[in-house]
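Engineer: got a predicted structure here, sequence first:
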Amino acid sequence: MSSPTPVRQPRAVERLVVGQPTSDGAGVKLTRVLTQPLQRRLDPFLMLDAFGSDQADDYIAGFPDHPHRGFETVTYMLEGRMRHRDSAGNEGLLDNGGVQWMTAGRGVIHSELPEQEQGRMEGFQLWLNLPARDKMRPAWYRDIPSAEIPEFELDGVTVRVIAGESHGVKGAMQRELTEPVYLDLHMAPGARFEQHLPATHNAFVYVYRGALKFDTGCRVPRERMAILANTPGSDGVALQAGDEPTRVILVAGKPLNEPIAQYGPFVMNTQAELIQAVRDFQEGKLA
């Protein structure tokens, strides 16, 4: 791990976002934090769902077979067990602390079904857009067990580097064009964490335990997303935990600046491509 270099011009909070309670799959209860109206602002990210419940009825039906085309899904399981199967023949178990990274590319049909009948299931699913040149690439999939996610500790903060790089530690995943950074931060009360980011990256944090404080005086409570301002000349973000243990995800990426055309589980660049995606699904060409 490299020695910390101070962030000299940290980003301010542009606005706070309250997620929308909804359900998906076969009735799984979740909170949609990054919604469709925010896709342009947070390009290359298309969606963020947060889920967490101790009640089996909220998650037990899972997500039966459904299609995707044109983007990547990144599922981070904080607690619980979920079995993945897809039409490309992949199968894996997403377990406590693990990540499932799936590139839908030109198309895949998959299911995500709980392998538990009681206890807590909690985590996130992030949708990361693919550039136009890669939307029709072959589908790809990787299970990343918790033990394979790089971790380090720094001044009262445990940092899990899912994607990108932090303080010289490379994450489990890298992507060339979108350059995503995805960190899970476990912060002791009052601990401070700084992360360098290019000024051109769009970025947000989501607090799922405790609360964050920013140097500007802004407080981000639990279950809130803070969109970070793209301040010219900014070189990163500085986060400080409140008076209790705090856990947040920090997500950033380089915008694609391409048209976004979405119809449910298909994300392309034009309406014509969307129509073709639906037709291909109906004709069994995603299987």
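Structural biologist: The structure has been received and is ready for your questions.
Engineer: which strand or helix spans the nearest residue to Pro150 once chain neighbours are set aside?
Structural biologist: Nearest non-adjacent residue to Pro150, counting by C-beta to C-beta, 6 or more residues apart in numbering: Val161, 4.7 Å away. All C-beta atoms are positioned from the backbone trio N, CA, C, and that covers glycine. In this assignment (DSSP states H and E), Val161 forms part of strand 157-163.
Engineer: beyond that strand, next helix or strand please.
Structural biologist: strand 165-166.
Engineer: let me know the average pLDDT across the helix or strand just after that following strand.
Structural biologist: Sequence order places strand 169-170 as the next helix or strand after strand 165-166, per DSSP H and E. Across strand 169-170, pLDDT averages out at 98.
Engineer: given strand 169-170, what are its sheet partners and their directions?
Structural biologist: Strand pairing for strand 169-170, using DSSP bridges, gives strand 165-166 (antiparallel).
Engineer: what sits up against the partner strand?
Structural biologist: Contacts of strand 165-166 with the rest of the structure, by C-beta atoms under 8 Å, 6 or more residues apart in numbering, involve 152, 159, 171, 181, 183, 195.
Engineer: just the buried positions in stretch 111-118, please.
Structural biologist: Residues of stretch 111-118 classed as buried: 111-114 (neighbour count, 16 or more other C-beta atoms under 10 Å).
Engineer: got it, and stretch 205-223?
Structural biologist: 205-208, 210-214, 220, 222.
Engineer: biggest separation within the residues you listed, which pair?
Structural biologist: With C-beta to C-beta as the measure, no two of those lie farther apart than Tyr208 and Phe214, at 17.3 Å.
Engineer: which residues does the strand holding Val161 contact?
Structural biologist: Residues contacting strand 157-163 (C-beta under 8 Å, 6+ apart): 74, 76, 97, 99, 144, 149-153, 166-167, 169-175, 180-188, 191-193.
Engineer: the same query, at a cut-off of 7 Å, please.
Structural biologist: Applying C-beta atoms under 7 Å, 6 or more residues apart in numbering, the contact partners of strand 157-163 are 76, 99, 149-152, 166, 169-174, 180-187, 191, 193.
Engineer: likewise stretch 237-246?
Structural biologist: Taking C-beta under 7 Å, 6+ apart as the rule, stretch 237-246 contacts 7, 10-11, 187-195, 197, 203, 205, 207, 209-213, 215, 228, 248, 250.
Engineer: quick one on the thing from earlier: buried members of the contacts of strand 165-166 into PyMOL, please.
Structural biologist: Here is the PyMOL command that selects the buried residues among the contacts of strand 165-166 (16+ other C-beta under 10 Å):
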select buried, resi 159+171+181+183+195
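Engineer: hmm, which two among the contacts of strand 165-166 are most spread apart?
Structural biologist: Phe152 and Val181 (14.7 Å).
Engineer: can you pull out the strands in the stretch 151-287 of the chain?
Structural biologist: 151-154, 157-163, 165-166, 169-170, 181-187, 192-196, 202-209, 212-213, 219-220, 224-228, 236-241, 246-253, 261-263, 266-268 (DSSP state E, counting those that start in this stretch).
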